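A.B. asks: Predicted structure and sequence below. I'll ask about it afterward.
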Amino acid sequence: MTLDADITYLPGIGPQRAKLLGAELGIKTWHDLLYTFPYKHIDRSRLYKIRELTTDMPFVQVMGQFRSFEEAGEGRKHRLTGHFWDGEMFLDVTWFQGIRFIKQSVKVQKNYILFGRPSVYGGRLCVNHPDLDNPESTTLSKMSMQPYYSTTERMKKAGLTSRTIERFTSTLFSKLSWTIPETLPDYLIERLHLMPLDKALRAAHYPTTADELSAANMRLKFEELFFIQLVIMSYARKRQQERIGLRFAHIGNLFNTFYHHYLPFPLTEAQKRVIREMHADMKSGHQMNRLLQGDVGSGKTLVALMVMLIAIDNGCQTCIMAPTEILAEQHLQTFRDFLKDMPVRAELLTGNVKGKKRSDIEAGLMDGSINILIGTHAVIEDNVQFKNLGLVIIDEQHRFGVAQRAKLQKESPLPPHVLVMTATPIPRTLAMTVYGDLDVSVIDELPPGRKPVRTMHIYDNQPEKLRHGVIREIEAGHQVYFVFPLVKESEKLDLKNVQDEFIHLKETFPHYKIGMVHGKMKPAEKDAEMQKFITGETQILVATTVIEVGVNVPNASVMIIQNAERFGLAQLHQLRGRVGRGAEQSYCILVSNFQLSAETRKRLHIMTETNDGFEIAEADLKLRGPGDIKGTQQSGIAFNLKLANLGRDGQLVQLARDTASFVLDADPELKTKDNTLLRNHLQELRKEHKDWSQIS
Ligand code: ADP
Ligand code: MG
């Protein structure tokens with residue numbers, strides 16, 4: 001047997017269960033089961049006495065006997081209470097469901113190990129719906145760290161519980177009499193003091209101590225992150241060596257004319273510096289692959305335009321891609337405003353552009369008469385043909401990861417320079433993975449004269465106050481955003497939703513024109529609504545987070561975020577970045593309900609304390625509990641992180657990156673005997689993940 005063995009070769013798993021495991025958890029082989037890790041362990045290594053129990057304890061176990069049972073209540077109040085005696089004290093144990101079954105199966109005067117969570121009912125300590133084990137059949141190994149596995153509703157219905165999976169994994173380990181083959185070379189295991197794979201896998205399921213569990217997890221997380229870094233860094237290095245780039249040696253007419261005659265305001269020092277950094281790349285004879293980070297409103301668009309002018313001066317075409325059509329249109333408008341009557345032709349190509357207009361644009365791209373093409377990411381996917389594309393700029397995009405950029409690379413014999421622009425906050429660890437192959441420039445300065453947005457947090461019981469504020473701002477000639485978390489009414493969550501609120505706001509503000517945009521609208525409708533707000537035809541825009549990124553309406557001075565407790569810090573910061581773009585004092589009002597968790601309270605507080613994107617990114621990382629950071633899944637590589645979490649495992653990401661770098665320094669092609677394992681395992685991974693093979 002090998003780890004590739006079908007899961008049905010495991011005793012206890014027949015065709016039916018195999019089907020369920022495959023469909024619900026993707027478990028098809030022994031290997032899959034091995035890599036289905038518990039989401040938590042519970043320490044069953046110790047028995048408690050009833051007198052020790054308090055309500056802030058997690059699950060605990062107590063040994064003793066039931067002395068009597070009593071039933072009370074009717075219907076939904078119907079309950080069964082057992083009086084459990086541990087030799088010193090009584091504990092109330094209560095069931096609200098399955099009472100008949102319990103009465104039949106649970107005996108008095110018999111020893112049980114009771115496992116549950118202490119709580120208080122009617123002033124008395126109790127445990128509801130505990131697990132009951134027979135002490136005789138509970139082996140010592142069971143009395144240690146017990147694994148808990150995720151299951152789905154369908155599995156539970158079919159009786160496939162965490163306990164069942166626990167039985168499967170424990171059977172599997174009893175069958176695995178051989179050592180699970182190592183994937184990391186000895187020299188790395190020694191250097192980093194890692195647990196060997198075989199031991200780590202066993203301990204990740206069945207640790208004997210909490211320390212052993214954390215060492216096992218650390219080894220497995222490291223491995224996940226290390227191979228990602230190895231793949232990204234070997235790609236980046238190879239590209240660096242091979243990359244012959246278009247040489248944009250001179251700064252020409254267009255750039256100089258623009259700089260001296262058309263620039264509407266002086267560049268900030270930071271803008272000047274990053275333009276110099278990019279020009280240095282583009283004249284080096286190597287291909288530029290650069291990430292431009294700059295907080296919302298730091299003026300990345302203008303930088304993009306000026307870098308494009310350098311490319312055009314050197315006889316090349318340029319292309320800028322925005323994540324949404326609204327943004328693409330806005331770029332076109334911005335560029336045309338900036339360029340005025342300069343001899344630069346900029347065109348927009350989106351899915352909406354059809355027929356004659358489209359063929360005109362396609363012809364202009366082929367004959368080189370179009371200098372700047374603005375589009376969405378579809379431009380890349382549609383294989384649009386250029387005469388001589390020299391620079392590609394990707395704006396505000398988490399989803400345009402390593403793999404997508406690699407595609408750009410492969411399709412052109414002399415690849416264009418690449419600039420990716422993103423607003424902080426983007427956690428550093430995410431940058432290292434999604435953008436791990438790029439050089440970085442940072443705009444760390446906002447244009448002068450900006451009044452910092454004033455942020456306030458209020459509860460949702462003050463609609464009048466809010467209404468007056470809105471009226472005051474609109475009467476002063478400004479515009480207002482209202483952002484809501486959902487498009488349509490949801491039964492489950494009591495959240496404000498755009499469509500209902502749109503109607504409601506029309507009643508509240510009968511004298512103003514109100515527009516609405518959300519992600520469920522057709523692009524053309526959305527654009528039309530957006531356009532009305534940009535031109536000032538509507539004074540209030542009701543929206544979902546589709547307006548989160550990039551939209552620039554300097555006249556808008558108020559951003560009202562409803563159900564602010566539902567948004568993450570990065571999102572709140574992005575939304576707030578939509579105001580404060582003009583010279584006027586702007587406001588961001590975070591409206592929440594009263595039931596806030598400590599973490600949410602902290603989040604909203606940070607927003608009112610600082611406008612600094614870097615600070616917010618740091619705070620975000622610290623606060624973020626379980627769950628992945630937005631964007632990791634769409635990063636362009638199917639990371640499939642089972643254990644590691646880019647939010648919490650920042651140091652491990654760094655260690656993985658440093659280690660990959662160390663390995664590749666010594667052996668760039670992984671040719672030596674020491675690195676055979678790495679080479680083979682990478683090949684395996686590339687076979688498994690299509691995206692991985694793209695960047696090789
Ligand atoms: P972002 O970096 O978020 O994409 P934008 O490029 O949209 O920011 O710029 C935000 C606003 O700041 C725009 O209205 C832009 O015209 C303006 N701006 C950009 N650079 C400067 C500057 N050096 N001085 C003053 N205003 C600037
Ligand atoms: Mg922008």
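C.D. replies: Sure, I can see it. Ligands and ions are numbered 1, 2, ... in the order given.
A.B. asks: Look at the residue in the stretch 451-600 of the chain positioned nearest to ligand 1 and give its secondary structure.
C.D. replies: The nearest approach of the stretch 451-600 of the chain to ligand 1 comes at residue 552, 4.7 Å away (Cβ to the nearest ligand atom). C-beta coordinates here come from the backbone N, C-alpha and C atoms, glycine included. Under DSSP: H, G, I helix; E, B strand; the rest coil, residue 552 falls in the coil class.
A.B. asks: wait, isn't it in contact with residue 334?
C.D. replies: Yes: if you go by Cβ atoms under 8 Å, residue 552 and residue 334 touch, sitting 7.3 Å apart.
A.B. asks: distance of the residue nearest to residue 8 when sequence neighbours are not counted from residue 9?
C.D. replies: With sequence-adjacent residues excluded and distances taken as Cβ to Cβ, 6 or more residues apart in numbering, residue 8 is closest to residue 18, at 4.8 Å. Between residue 18 and residue 9 the distance is 10 Å, computed by Cβ to Cβ, to the nearest Å.
A.B. asks: Residue 678 now?
C.D. replies: Where residue 9 is concerned, residue 678 sits at a distance of 30 Å (Cβ to Cβ).
A.B. asks: can you check residue 287 too?
C.D. replies: 50 Å.
A.B. asks: So for these two, which residue has more residues nearby?
C.D. replies: residue 287 (20 against 13; other Cβ atoms under 10 Å).
A.B. asks: confidence score at the residue lying farthest from the centre of the chain?
C.D. replies: Residue farthest from the centre of the chain, counting by Cα atoms, centre = their mean, is residue 109 at 53.3 Å. Per-residue confidence at residue 109 stands at 92 (pLDDT).
A.B. asks: in what helix or strand does residue 120 lie?
C.D. replies: strand 118-121 (DSSP states H and E).
A.B. asks: just residue 232 next, same as before
C.D. replies: For residue 232, the host element (DSSP H and E) is helix 210-242.
A.B. asks: How many residues are close by residue 100?
C.D. replies: Around residue 100 there are 9 other residues, counting by other Cβ under 10 Å.
A.B. asks: Just say helix, strand or coil for it.
C.D. replies: When classified by three-state DSSP, residue 100 comes out as helix.
A.B. asks: ok, now residue 481?
C.D. replies: strand.
A.B. asks: Quick check: it touching residue 547?
C.D. replies: Yes: the pair residue 481 / residue 547 is scored as a contact, 6.8 Å apart, by Cβ under 8 Å.
A.B. asks: more neighbours, the two?
C.D. replies: residue 547 (25 against 22).
A.B. asks: and that one, what is it in contact with?
C.D. replies: Taking Cβ atoms under 8 Å, 6 or more residues apart in numbering, we find residue 547 in contact with 326, 481, 483, 517, 530, 541, 575, 578.
A.B. asks: And the last one, how close does it get to residue 515?
C.D. replies: The span separating residue 578 from residue 515 equals 14 Å under the rule Cβ to Cβ.
A.B. asks: Same check on residue 74?
C.D. replies: 55 Å.
A.B. asks: Settle it for me: which of those two has more neighbours?
C.D. replies: residue 515 (19 against 6).
A.B. asks: If that one is in a bridge, with which residues?
C.D. replies: Counting by DSSP bridges, residue 515 is bridged to residue 541.
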